[in-house]
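**Student:** coords below, sequence missing:
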């Protein structure tokens, strides 16, 4: 019987020939990634007595590193003791650290055709690599680490077919915003991306789109495997690639087509993502900002920093604006230093921080005060996400955020390039 990509991966992981929407798939994960924040929060962590497979368990310090509090420092002491006890080879402490989904990508831990488990809600980021990833509860993640078992409901799938290619100053963030604005939430649905335009969509944009699908409540989000996927993963993975493609005749809840060449930058209004934005050409408000932020698992990649540096090169951040840039990993930080991007950003008046989740989840290095306005290229904008529930958080692409940092108001990046 014909299956979608997600159905085929869940069937393989659960040892079944076929799964269908409505089924419960009890699966053996191919990789389980644990985080510092899970270990730090009381009740989320108990030191395991065994692991189901040492080669398939990773620990990444990402949400609060270096430690901004005694509580976080104590959690990392426990995490280091756990990693030492089991001799974890996939352990990413200070100096190898970074936002988990960026570290996962850099180190080839999200592999085509496989199932990845992590307690972070943006684990769908793995879908860029034809890997089924979904956030799990802390206790579910512990079970996956120890018993090698986790369960998922099998949902229906919506397929997006891309055509054409993106215009200048339009990125994967804007592609996602277009989907969120046109079709809204995708609760109890998985998403599959493909089509002839996929070949024109760089891996950086695929990673952003897959990551952001958590914001429309998708169960899984996954891209077709192609030559660009293979090229990115070459030299990163430690076992043969086994990509999965949908069967001819697979049943979809809907098939939707997007002509990438017709898209433009978007702005999303505060407090929600689905059906809560506009193309920037229709954004008539003069919204003054206090902070502009580029970072997170969605947009802390080296390509995002290049975009920001290109826009601010030779210019200065507007008076009264805090422009904060957080590389997604220590490796991205090193690459940015080698390319001179850190110097360009700093000379413009930006502050480039250590690689961590930081300001994205309102924990450190960029917390908003009551009444402040931020435009962010991170993942979320609900009340209190980046600090005070009385702050307002708009969302845009890295290009839109960088342009806005220069003008002090939310700005179409194309207007600065004209």
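**Tutor:** Right, received. Where do you want to start? The shown structure was predicted, so the numbers you read here are calculated from the model rather than taken from an experiment.
**Student:** Okay, now the unreliable bits of this structure?
**Tutor:** Within the chain, the stretches with pLDDT under 70 are 418.
**Student:** What helices and strands are in contact with the lengthiest helix in it?
**Tutor:** When secondary structure is assigned using DSSP state H, the longest helix within the chain turns out to be helix 70-86. Judged by 3 or more C-beta pairs under 8 Å, 6 or more residues apart in numbering; DSSP states H and E, the packing partners of helix 70-86 are helix 36-40, strand 57-60. In this view, the C-beta of every residue, glycine as well, is placed from N, C-alpha and C.
**Student:** can you rerun that using 6 Å?
**Tutor:** In this structure, helix 70-86 packs against helix 36-40, with contacts taken as 3 or more C-beta pairs under 6 Å, 6 or more residues apart in numbering; DSSP states H and E.
**Student:** And the longest helix of the chain, what's buried?
**Tutor:** Going by neighbour count (16 or more other C-beta atoms under 10 Å), the buried part of helix 70-86 is 72, 75-76, 79-80, 82-83, 86.
**Student:** Stretch 259-268 now?
**Tutor:** 260, 263-268.
**Student:** ends of it, how far apart?
**Tutor:** Distance across stretch 259-268, first residue to last, is 20 Å (C-alpha to C-alpha, to the nearest Å).
**Student:** Show residues contacting it.
**Tutor:** Contact partners of stretch 259-268, identified using C-beta atoms under 6 Å, 6 or more residues apart in numbering, comprise 162-166, 170, 174, 177-178, 197, 276-277, 279-280, 283, 394-397, 400.
**Student:** And stretch 88-108, by the same measure?
**Tutor:** With C-beta under 6 Å, 6+ apart as the criterion, stretch 88-108 contacts 33, 35, 58-62, 65, 83, 110, 120, 122, 125, 233, 236-237, 297, 328-331, 355, 357.
**Student:** how far does that stretch sit from the chain's center?
**Tutor:** 14 Å (C-alpha atoms, centre = their mean, to the nearest Å).
**Student:** what's the neighbour count on residue 257?
**Tutor:** The tally of other residues near residue 257 (other C-beta atoms under 10 Å) stands at 11.
**Student:** domain ranges for this structure?
**Tutor:** 5-233+250-260, 269-417 (automatic domain parsing).
**Student:** What sits closest to residue 191 if chain neighbours are left out?
**Tutor:** In space, residue 191 comes closest to residue 221 once its chain neighbours are excluded; the distance is 4.4 Å by C-beta to C-beta, 6 or more residues apart in numbering.
**Student:** So what's the residue count around the residue lying closest to residue 312 once chain neighbours are set aside?
**Tutor:** Using C-beta to C-beta, 6+ apart and skipping residues adjacent in sequence, the residue nearest residue 312 is residue 348, 3.9 Å away. Other residues within reach of residue 348, judged by other C-beta under 10 Å, total 21.
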